[in-house]
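# Let me see the structure of the following:
(2 chains)
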Amino acid sequence: NAGVTQTPKFQVLKTGQSMTLQCAQDMNHEYMSWYRQDPGMGLRLIHYSVGAGITDQGEVPNGYNVSRSTTEDFPLRLLSAAPSQTSVYFCASSSLGATSGNTIYFGEGSWLTVV
Amino acid sequence: GNSVTQMEGPVTLSEEAFLTINCTYTATGYPSLFWYVQYPGEGLQLLLKATKADDKGSNKGFEATYRKETTSFHLEKGSVQVSDSAVYFCALSKGGSYIPTFGRGTSLIVHP
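Predicted structure coming up:
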């Protein structure tokens, strides 16, 4: 059972470089999202999607782009990396359905350092 | 809007001690409530949940009861183990709003 798969696990970038964090899920979930986790800040939502071709901004979208061309994949792009983007990034997914009791499934995280 | 408040950590306990991590929420209507756990170096995973008032969620010896009257969902365990050391997140979600609301997390450290 793969669940939510994120790559890479670790990455070091130089300021100004761009990169893409990959996220794939095999549970046919409509909802996918990206969070960043920083010490003392909890989880902050970057972008989310409720289906292929539909994306929207979360709490901290600046400096990040997303697209959703398929149900399975939801890549996160850093356009021009900045030291403030040093963080741990989590991709998450869930089914939508009529009930609010749907579990969120998380990937194992991507540790990004911008120097 | 919706919000979740958790007690500040870290919570430090000796093995076999009793654990309570407080969680209160603000939301209209009847949200579903969750506890997620994050072990070191890993992503969050569901620990337990409750979808209506007075429901009790339980898993791995942990329990939490959905208290509508006090808008609370406190996490408890009768006897913690070193392997329970992790960060615990309280969360809520509501029908019609697919974006869950997370608390800031509470770190639990259990010493042998």
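# List the contacts of the closest residue to residue B:98 other than its chain neighbours.
Setting aside the residues directly before and after it, residue B:98 is nearest to residue A:31 in space (C-beta to C-beta, 6 or more residues apart in numbering or on different chains), at 5.1 Å. Glycine gets a C-beta too; all of them are placed from N, C-alpha and C. Neighbouring residues of residue A:31 by C-beta atoms under 8 Å, 6 or more residues apart in numbering or on different chains: A:48, A:49, A:50, A:93, A:94, A:95, A:96, B:98.
# Of those, which is the most crowded?
residue A:93 (28 neighbours; other C-beta atoms under 10 Å in any protein chain shown).
# Give me the secondary structure label for that one.
Recorded secondary structure, residue A:93: strand (DSSP: H, G, I helix; E, B strand; the rest coil).
# which residues of chain B fall in strands?
Using DSSP state E, the strands of chain B run over B:3-6, B:11-14, B:19-21, B:23-26, B:32-38, B:44-50, B:56-59, B:62-65, B:75-77, B:86-94, B:97-102, B:106-111.
# ranking these by burial, who's on top?
Using mean count of other C-beta atoms under 10 Å in any protein chain shown, the stretch among the strands of chain B with the largest mean neighbour count is strand B:32-38, at a mean of 25.
# Would you mind pulling up the elements that that strand packs against?
Counting contacts by 3 or more C-beta pairs under 8 Å, 6 or more residues apart in numbering or on different chains; DSSP states H and E, strand B:32-38 packs against strand B:23-26, strand B:44-50, strand B:62-65, strand B:86-94.
# want to try TSV for the contacts of residue A:31, with pLDDT as columns?
What follows is those, written out as TSV (pLDDT from 0 to 100):
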residue	pLDDT
A:48	95
A:49	95
A:50	92
A:93	94
A:94	91
A:95	87
A:96	78
B:98	72
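# anything in stretch A:16-28 near chain B?
No - judged by C-beta under 8 Å from any C-beta of the partner chain, stretch A:16-28 stays clear of chain B, getting no closer than 11.3 Å.
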